[in-house]
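Engineer: need a structure here:
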Amino acid sequence: MANGIVETIADGYRAVHQQLRDQLASAEDAALAWVPAAETNPVSVLVVHTLGSEAEVWRLAAAIPASRDRAAEFVPQAGGKQDLLARVAAADALLAELAPKVTPQDLDAVRERPDRSPHTVLHWLVTNYGHAREHLAHVELTLQLYRAALAEV
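Structural biologist: Numbering: from 1, shown residues only. This is a model prediction of the structure:
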């Protein structure tokens, strides 16, 4: 049953990856770097941060040490669409590698993430999936706002 749970969660992440690919494919590079307002992030930052957080959680789930520079994820990158699509492809590959390694015992194991209270791996996977969906919505909205701003010009 637990492997079914992991596969269900992994399928959710795969769906997020596909939706990110779809959003990126329909966007021009300028849209990916556009900032809609103060205290908001461009699509490029949202994608990099989402995938960085995801990788950290899947490594935690598979009991593989990870290092992550979260602050660097919020520094806009100049790579453009192809770089972001490559990052999504790398996230797919990491998911394919790590999801099969997560055991029923792992799901019940209590593990810590930096600057957070300890929780079970199942908790981390489910809440991080929600985090990914939330940022996917931010990506979609940012691109909608970009297109609306262009239409006003």
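Engineer: what about the host helix or strand of Glu97, distance to the chain center?
Structural biologist: Assessed by DSSP states H and E, Glu97 sits inside helix 80-98. Relative to the mean C-alpha coordinate of its chain, helix 80-98 is positioned 10 Å out (Cα atoms, centre = their mean, to the nearest Å).
Engineer: Just list what the longest helix seen in the chain packs against, helices and strands only.
Structural biologist: As assigned by DSSP state H, the longest helix anywhere in the chain is helix 121-152. Packed against helix 121-152, as judged by 3 or more Cβ pairs under 8 Å, 6 or more residues apart in numbering; DSSP states H and E, are the following elements: helix 2-25, helix 29-33, helix 43-61, helix 104-108. C-betas here are computed from N, CA, C, even on glycine.
Engineer: so what's Ser53 up against?
Structural biologist: Ser53 is in contact with 70, 73, 128, 131-132, counting by Cβ atoms under 8 Å, 6 or more residues apart in numbering.
Engineer: If you could redo that for Arg14, that was the one I meant.
Structural biologist: Taking Cβ under 8 Å, 6+ apart as the test, what Arg14 contacts is 92, 95.
Engineer: Can you check the pLDDT for it?
Structural biologist: The model reports Arg14 with a pLDDT of 98.
Engineer: same question, Arg116
Structural biologist: In this model, Arg116 carries a pLDDT of 89.
Engineer: Next, work out how far apart it and Arg70 are.
Structural biologist: 12 Å (Cβ to Cβ, to the nearest Å).
Engineer: So those two - more neighbours on which side?
Structural biologist: Neighbours were counted for Arg116 and for Arg70 using other Cβ atoms under 10 Å; Arg70 has more, 12 against 9.
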